[in-house]
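Asks: Sequence and predicted model, in that order:
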Amino acid sequence: MIQRIQTVYLLFVFCIMSVVVYLPFSSSWTVAADAGIIAVLAMITIFLFKKRKLQTTICYTILFLLALIYVLYFFFDRPVLSFQELFPKLRFTIVFPFIAFILTYLAIRGIKKDEKLVRSLDRLR
């Protein structure tokens, strides 16, 4: 389980999204709840290492929820500011969901690589 690279990626997603829950990313509780759900799903996905299709489905759900964080933040949470006023008000934590998005994508690639390897080994038997 731990020797697979996607496990490491998903563990980093869990850590990053746990930090987003506690750091001031947003004033909205919906963003914090979404980040908490993503952290829990990432941890659950780590333990589903024998069910690669379900693991992939949950990872795609995590990608959707990560995109939803930005939608919730930019359209509903932040006040209407001009473009020049917006950048000083952004916090450094705005990057964390993007990093989690990339790590989740890399985890999906690793899961698909494992699935391909298992199928090729089944074909040889």
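Replies: Yep, that arrived. Numbering: from 1, shown residues only.

Asks: going on from the helix or strand of the chain with the lowest mean pLDDT, what's the next piece of helix or strand?
Replies: Least confident helix or strand of the chain, by mean pLDDT, DSSP states H and E, is helix 83-89 with a mean of 56. Downstream of helix 83-89, the next assigned helix or strand under DSSP states H and E is helix 96-124.

Asks: Run through this structure and note the low-pLDDT ranges.
Replies: Under the criterion pLDDT under 70, the flagged ranges of the chain are 1-3, 26-27, 77-91, 124-125.

Asks: give me that answer again for 90
Replies: 1-5, 20-32, 49-50, 52, 70-95, 114-125 (pLDDT under 90).

Asks: Which strands and helices lie in contact with the helix or strand containing K53?
Replies: In the assignment (DSSP H and E), K53 maps to helix 52-71. Applying 3 or more Cβ pairs under 8 Å, 6 or more residues apart in numbering; DSSP states H and E, one finds that helix 52-71 makes contact with helix 5-22, helix 29-46, helix 96-124. No exception for glycine: its C-beta is placed from N, CA and C like everyone else's.

Asks: buried set for the longest one?
Replies: Spelled out, it's helix 96-124. Going by neighbour count (16 or more other Cβ atoms under 10 Å), the buried part of helix 96-124 is 96-97, 100-101, 103-108, 110-111, 114.
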